[in-house]
Each structure stands twice: as structure tokens, then as C-alpha cells.
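1. Okay, here's the prediction I keep looking at, along with the sequence it came from:
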Amino acid sequence: SKHAESTPAETPAPAATEEAKEETPADTTAETTADAGAADYSDVTLTFWSMWNSTEPQGKVIQEAADAFKEQTGATVNIEWKGRDINTIIATALESGEKIDIFEDDYSRIAKTYVDYCYDLTEMAKAANYDAQSFKCFNDVATEWAGFLCCVTEQPQVGGVFYNKDIFDDCGITSVPATWDEFLTACQTMVDKGYQPLALDSAYADFTFGYHLDRVIGQDAITDLALNGGWGENKGVAEAAQQIIDFVKAGYLADGAPDEYPSSQNKIGLTGKVAMVVCANYVAAEVNNNSGTEVNWGMFNYPAVEGGADPSNAYAGANSLAISSYSENPQAAFDFLMLLTS
């Protein structure tokens, strides 16, 4: 979830992604209270903290949904566009009881970090037949973590290396790299042809090193270090860091990287010279929208590191929407989320 994304060590196994595909909503016609027009929320104002910006495709859809909800129910949804840094401010805001009815972030953080400030959606979800229009695997995982249904899932994601197929073709790279050595060879091939291998932005920098660290020492070791410390004494951490340092010194980052989001990833579309970025699938829409282009996108799993502990782990997750536990209008907020996500 920088994006409001978690690092690979914090997210469910890749199988969750497959299950999500299998359980794509079968019934998208189920009526919510808002759809049916049964509720009159003309005296209700909801405050929604969003992880998007108003000019992004996601932001535009959210605003359209807010306008439609007002037309249907009379409710006003005030959207505060917090961007990707929402996870740096939301905890403090919730703790202080700031006026927030709905907030948006990675479902792992919502279910684990903000759970004490989340409204229990279980009964409202049953009444709205939410299971018929949602991704059950994410609901189940979030419920297991939180102890109750704490969020409404949106935008399931899978992470890895997203790349411009046209650049790979021009460089004669006929198969995607599966190992770190193959990845370095591909990067050098791109540099030799006048391309810049890897975009890197501040908002998503944790993807690149998070994946690499997982490849070297594995999820269990990362979890132990996160909980108990000892980073400086772990040889695998130093090894992973040195490999990234060597990567940067070899000139494989795009010019200017690491940039402030989204400057570096935008160069994939704007310049046609930047080949790859480590991120999740929403990056394709972000780059295409920001650059006004249609990149010929491909994706592959982050490469394995020789002798590493985890050759294949992948990020699978979802952004989600939660209602604050102290919201004065939880039913209205939930009805809006049903309209937005269905």
C-alpha cells in the first residue's frame, strides 16, 4: 500500500492475488441503500481523507462519486486530497480525534496500525450484501488481522518490475531477467543503447529496496529485525545495501533519480528513454495519465538474488477505505463507500 503500499514483507502471499481473480464480484447489480435512493442524508457532511490527488484518474472518479452521492442522498462529501504521504499523518490525526469520517490507505496498515480507530463494518456489510460485490480474499485477510471487517477494499494490486516493452525489444532483450545477474546484464545492455534502466521516486523507493532485501534475507528475517532490531549486525542487510549501492554507482538509475514523486516515473512516458520502475500495477495508469502517452507496458517479478533466502515472493495487496470509529454518520459513510466501489 506507498503508496500507500506496504513493503513486500508486510503483505499477503502471492496466492491472494490469484484468489482475488477467482472471486471477482459475480453480482454487480446488488442494490445498496444509496443506489436505491432510500436514504435522506441532506443534513449530513462527511469528511474524506484521500490518498490521491484531485487531478489523478482515481481522484476524478472519487469526486464524481461524491457528486453522484449528493444528488442521490443530499449528503455532502468534503474530500481532502492528502496524496501518498497520508500514512505519515493519518495516525496522529485519528489519535487526536480530528474530523475524519472516511480515510484511505493500504489495507494492511488499516487492519494493523489504525485498527483501534476503525468502525466495525460487519453488520452494515451484511445488510448491503457486500460479499456479492467485493473481493472475499482481501476481506478475510483484513478481518483476520483486525478481528472484524475494518475496511472496504478497492483497487487490488500486484507488484514487481514494470517496463517499456519497446525498449526491451530495441535492446534485443528477448526474455525478462529472472536473476539479479541477468537484471544487471539487461541494465548494461540498455545503457549501451542509450537508455536509462530504472526510474526511482521518493514515494515508492521502499518498493525497490524492500524487494531486494526480501530476496537476500527473506520475510521472516525482515519481520524479526523490524520487531527486535539488529539491522546493523545482520550481514544480509549489509549485503543487500551494498548491491543497491553498486547498482547506483554503475549508472543504472534514471537521470535525477531518486526524484520527488512522480518526476522519475513520468520520464518513462515523457522521454521514452527510461525503461523500468519497481512499483505496483497502478503505476501504468499514473504514468500514462501524467505523460499523456500510452506506454507499451510489461511486468515481471523482481529478480532472485543468488544465494538469497527468498527467490519468488511477490507483493499482492489492495488499497482500502475505512470509516473512523468516532464518525457521527457511519451508515452514510458506508453507503457512500458502497456507491464508490460498486
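-> Great, that's in hand.
2. mind checking pLDDT for the nearest residue to residue 270 once chain neighbours are set aside?
-> Excluding the flanking residues, the one nearest residue 270 by C-beta to C-beta, 6 or more residues apart in numbering is residue 291, at 4.7 Å. Just so you know, the C-beta spots here come from the backbone N, C-alpha and C atoms, and that holds for glycine as well. Per-residue confidence (pLDDT) for residue 291: 94.
3. do the same with the one 10 residues further on
-> If you check residue 301, the pLDDT there is 96.
4. Now it: closest residue in space, sequence neighbours ignored.
-> Residue nearest to residue 301 in three dimensions, not counting chain neighbours: residue 160, with 5.0 Å by C-beta to C-beta, 6+ apart.
5. where do the helices sit along the stretch 151-300 of the chain?
-> 165-170, 180-192, 205-217, 219-228, 235-249, 263-270, 282-291 (DSSP state H, counting those that start in this stretch).
6. Out of these, flag the one nearest residue 121.
-> Residue 121 lies closest, by C-beta to C-beta, to one member of the helices of the stretch 151-300 of the chain: helix 282-291, at 23.9 Å.
7. which other residues reach the closest one?
-> 3, 56-58, 155, 157, 162, 204, 262, 265-266, 268-270, 277, 293-295, 297 (C-beta atoms under 8 Å, 6 or more residues apart in numbering).
8. cutoff 10 Å now
-> Residues outside helix 282-291 that contact it (C-beta atoms under 10 Å, 6 or more residues apart in numbering) are 3, 5, 52, 55-58, 60, 155, 157, 159, 162, 164, 199, 201, 204, 207, 261-263, 265-272, 274, 277, 279, 293-295, 297-299, 319.
9. How far does stretch 72-90 stretch from one end to the other?
-> 29 Å (C-alpha to C-alpha, to the nearest Å).
10. Return the set of buried residues in that stretch.
-> Going by neighbour count (16 or more other C-beta atoms under 10 Å), the buried part of stretch 72-90 is 72-73, 75, 77, 79, 81-84, 86-87, 90.
11. so how far is it off the chain centroid?
-> 17 Å (C-alpha atoms, centre = their mean, to the nearest Å).
12. for stretch 140-160, same thing?
-> Stretch 140-160 sits 12 Å away from the centroid of its parent chain (C-alpha atoms, centre = their mean).
13. Check stretch 60-67 too.
-> 20 Å.
14. Residues contacting it, please?
-> 34, 46, 48, 50, 52-54, 56, 75-79, 81, 104, 154, 289, 321, 336-337, 339-342.
15. follow-up on the earlier one: among the buried residues of stretch 72-90, name the ones in helices.
-> Judged by DSSP state H, the subset of the buried residues of stretch 72-90 located in helices is 72-73, 90.
16. circling back to that earlier point, I'd say the residue nearest to residue 301 and residue 208 touch.
-> No: the pair residue 160 / residue 208 is not scored as a contact, 11.2 Å apart, by C-beta atoms under 10 Å.
17. hey, what's in contact with both of these two?
-> 278-279, 302.
18. So residue 329 sits against residue 99, correct?
-> No: judged on C-beta under 10 Å, residue 329 makes no contact with residue 99 at a distance of 11.4 Å.
19. Which of these two has more residues huddled nearby?
-> Ranked by neighbour count (other C-beta atoms under 10 Å), residue 329 and residue 99 place residue 329 first, with 18 against 15.
20. Spatially, what comes nearest to that one if we skip its sequence neighbours?
-> Per C-beta to C-beta, 6+ apart, closest to residue 329 is residue 44, 4.9 Å.
21. so what's the one you found up against?
-> 70, 73-77, 101, 328-329, 331-333, 335-336.
22. just residue 52 next, same as before
-> Residues in contact with residue 52 (C-beta under 10 Å, 6+ apart) are 3-4, 58-63, 79, 81-84, 86, 104, 282, 319.
23. Equivalent analysis for residue 260, please.
-> Counting by C-beta under 10 Å, 6+ apart, the residues that residue 260 touches are 201-203.
24. Residue 291 - how many residues pack around it?
-> Neighbours around residue 291, by other C-beta under 10 Å: 18.
25. Could you give me the buried positions within stretch 284-301?
-> Those would be 284, 286-291, 295, 297-299, 301, for stretch 284-301 by 16+ other C-beta under 10 Å.
26. Make a markdown table out of those residues and add distance to residue 226.
-> Converted to a markdown table, the buried residues of stretch 284-301 look like this (distance: C-beta to C-beta, whole Å):
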| residue | distance to residue 226 |
| --- | --- |
| 284 | 30 |
| 286 | 28 |
| 287 | 31 |
| 288 | 35 |
| 289 | 34 |
| 290 | 33 |
| 291 | 36 |
| 295 | 34 |
| 297 | 32 |
| 298 | 32 |
| 299 | 27 |
| 301 | 23 |
